[in-house]
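Q: Structure here, sequence nowhere to be found:
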Ligand SMILES: NC(=O)c1ccc[n+]([C@@H]2O[C@H](COP(=O)([O-])OP(=O)(O)OC[C@H]3O[C@@H](n4cnc5c(N)ncnc54)[C@H](OP(=O)(O)O)[C@@H]3O)[C@@H](O)[C@H]2O)c1
């Protein structure tokens with residue numbers, strides 16, 4: 001049997017500790033599959049005294065992750081600390097610059113520095129694998145980077161944040177408010193104490209920026225994403241969506257258009273009968289639409305120690321199986337030097353269906369006035385309904401819900417602004433984009 005592949009793991013938290021345990025427990029089976037043993041020779045974390053549930057007494061300990069990356073013993077540096085800055089950035093850069101393969105689960109790092117790191121890896125002839133960075137255990141990186149080579153991708157979209165999907169699912173199933181569901185997600189450990197990064201869509205945006213690059217061959221543009229979170233979604237939106245045959249999901253969507261690439265993260269209405277609408281709770285899903293294959297939907301665990309470690313393990317096994325001198329898969333799907341500048345499509349030019357919910361004073365002619373502003377802006381309506389909440393007081397505010405046929409976002413914004421100027425709205429109107437799978 002060939003020599004052992006020697007790995008150093010920086011970060012022994014949820015993912016790192018799961019990975020270390022699996023590598024120890026499955027040592028023989030992995031050696032048989034990969035043709036060589038995989039051996040942990042060094043680790044790094046902040047607290048040396050913390051019990052990680054595994055015996056690391058014979059493994060070298062490094063307080064400094066960069067020093068671990070510099071260690072001449074290791075063939076692979078596994079980065080599981082997280083964060084776009086140091087020490088993750090410095091340590092990964094150090095390892096790659098030395099020609100040491102890197103495996104990471106760190107989407108924040110790749111979103112910020114992916115092109116630079118890919119360039120170093122390619123110059124140094126080593127691998128930078130990151131399957132766990134997007135949608136946890138779902139093998140979407142491999143699908144886009146390798147399996148779909150030759151396809152032209154037109155759209156990639158998905159549910160890539162389990163916390164948001166858990167909250168939206170619970171709101172719908174139990175009729176609870178956003179705040180109540182967020183509290184429950186925090187109690188169960190699905191949401192961080194500071195949940196802003198998840199619920200405002202930033203985590204999904206990091207992941208989407210990586211998928212966009214793999215799908216369309218542009219430089220990663222994580223700061224160039226249209227972003228709306230889910231904190232503004234009310235139980236009234238969810239109920240109205242359900243009445244109309246839709247479910248609300250936080251989607252990340254990247255789509256090629258005539259004017260550039262749309263990269264957007266926002267609450268989205270999807271047809272209730274579509275497969276992606278059935279993806280509940282913390283589960284993730286990624287859909288890829290391409291010309292040769294057609295539609296591909298991958299659904300699975302997007303987070304958690306084991307699911308994420310499974311993807312990291314697959315990346316390490318790929319390195320263990322690779323032969324020295326063999327052609328390497330480009331880190332970002334094509335040579336980093338050939339990635340094109342990102343050309344952003346304006347969100348105002350987005351073409352699609354819209355759900356609009358507005359609360360209006362109960363005045364004569366309001367309904368017709370709303371319909372009139374839609375028509376003036378060339379918006380064709382799939383449905384328009386009006387109802388009052390309790391059907392008792394004649395003068396209480398009414399809710400008007402519109403669903404448009406595919407139209408330009410700019411027209412919707414202009415119509416809503418004109419309606420707002422009329423002065424009969426009670427509160428802000430809610431506008432949610434509708435996304436339809438190609439086949440729906
Ligand atoms: N958890 C998931 O479900 C999941 C899913 C997909 C991707 N990921 C990604 O996987 C990575 C790890 O996530 P995680 O959930 O395992 O994080 P975590 O539980 O917070 O663990 C982070 C680990 O990094 C160590 N660490 C932090 N700062 C360090 C430093 N300056 N020097 C050395 N070690 C340091 C910590 O040490 P101590 O233990 O001593 O504090 C801890 O062991 C992140 O990039 C995350 O985005 C996680």
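A: Yep, it's here. These numbers were taken from a predicted model, which means no experiment stands behind them.

Q: Measure how buried residue 417 is and give me the count.
A: 12 (other Cβ atoms under 10 Å). Any C-beta I mention is one placed from the backbone N, CA and C, and that applies to glycine too.

Q: gap between it and residue 177?
A: 28 Å (Cβ to Cβ, to the nearest Å).

Q: for residue 170, same thing?
A: Distance from residue 170 to residue 177, by Cβ to Cβ: 10 Å.

Q: Compare the two (neighbour count), which wins?
A: Neighbour tally, residue 170 and residue 177, criterion other Cβ under 10 Å: the higher count belongs to residue 170, 20 against 12.

Q: ok, now which ones touch the more buried one?
A: Neighbouring residues of residue 170 by Cβ atoms under 8 Å, 6 or more residues apart in numbering: 176, 181, 184-185.

Q: change it to 10 Å
A: 176, 178, 180-182, 184-185, 190, 280-281 (Cβ atoms under 10 Å, 6 or more residues apart in numbering).

Q: Next, format these as CSV and append pLDDT and neighbour count.
A: Below are those laid out as CSV (pLDDT from 0 to 100; neighbours: other Cβ atoms under 10 Å):
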residue, pLDDT, neighbour count
176, 95, 16
178, 95, 20
180, 95, 15
181, 95, 22
182, 94, 24
184, 92, 16
185, 91, 22
190, 85, 22
280, 96, 16
281, 94, 13
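
Q: Just to check, residue 205 is in contact with residue 220?
A: No: here residue 205 does not reach residue 220: they are 11.1 Å apart, not a contact under Cβ atoms under 10 Å.

Q: any shared contact partners between those two?
A: Residues within reach of residue 205 and of residue 220 at once, by Cβ under 10 Å, 6+ apart, are residue 111.

Q: Tell me the pLDDT of the residue in the chain that the ligand sits nearest to.
A: Here the chain gets closest to the ligand at one residue, residue 13, 1.8 Å apart by Cβ to the nearest ligand atom. Note for residue 13: predicted pLDDT of 95.

Q: do residue 267 as well
A: pLDDT, residue 267: 98.

Q: That one: how many residues sit nearby?
A: By other Cβ under 10 Å, the residues close to residue 267 number 24.

Q: do the same with residue 378
A: Residue 378: 11 neighbours (other Cβ under 10 Å).

Q: Same check on residue 315?
A: Neighbours of residue 315 using other Cβ under 10 Å come to 25.

Q: Tell me the residues of the stretch 201-350 of the chain that contact the ligand?
A: 303-304, 308 (Cβ under 6 Å from any ligand atom).

Q: One more pass at 8 Å, please.
A: Residues of the stretch 201-350 of the chain lying near the ligand by Cβ under 8 Å from any ligand atom: 302-305, 307-308, 311.

Q: Let me see the contact set for the closest residue to the residue of the chain closest to the ligand other than its chain neighbours.
A: Leaving aside its sequence neighbours, residue 13 sits nearest to residue 80 (Cβ to Cβ, 6 or more residues apart in numbering; 6.9 Å). Residue 80 is in contact with 9-20, 44-45, 88, 103-106, 132, 308-309, 312, counting by Cβ under 10 Å, 6+ apart.

Q: Restricted to strands, list these.
A: Among the contacts of residue 80, the members found in strands (DSSP state E) are 9-10, 44, 103-104.

Q: Compile those into a markdown table and extend it with columns for neighbour count, distance to the ligand and pLDDT.
A: Formatted as a markdown table, these follow (neighbours: other Cβ atoms under 10 Å; distance: Cβ to the nearest ligand atom, whole Å; pLDDT from 0 to 100):
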| residue | neighbour count | distance to the ligand | pLDDT |
| --- | --- | --- | --- |
| 9 | 31 | 9 | 98 |
| 10 | 27 | 6 | 98 |
| 44 | 28 | 5 | 98 |
| 103 | 28 | 11 | 98 |
| 104 | 28 | 7 | 98 |
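
Q: which of those sit farthest apart?
A: 44 and 103 (14.5 Å; Cβ to Cβ).

Q: can you list the weak-confidence ranges in the stretch 301-440 of the chain?
A: Scanning the stretch 301-440 of the chain for pLDDT under 70 picks out 388-394.

Q: if we can go back for a sec, hmm, which of the contacts of residue 80 are the buried ones?
A: The neighbour count (16 or more other Cβ atoms under 10 Å) marks 9-12, 14-20, 44-45, 88, 103-106, 132, 308-309, 312 as buried among the contacts of residue 80.

Q: Can you name every helix or strand that whichever strand or helix holds residue 402 contacts?
A: Element membership for residue 402 (DSSP states H and E) is strand 398-404. Packed against strand 398-404 by the contact rule (3 or more Cβ pairs under 10 Å, 6 or more residues apart in numbering; DSSP states H and E) you find helix 235-243, strand 351-360, helix 366-376, strand 381-388, helix 409-421, strand 430-434.

Q: again, 8 Å this time
A: Helices and strands touching strand 398-404, by 3 or more Cβ pairs under 8 Å, 6 or more residues apart in numbering; DSSP states H and E, are helix 235-243, strand 351-360, helix 366-376, strand 381-388.

Q: Alright, calling it a day.
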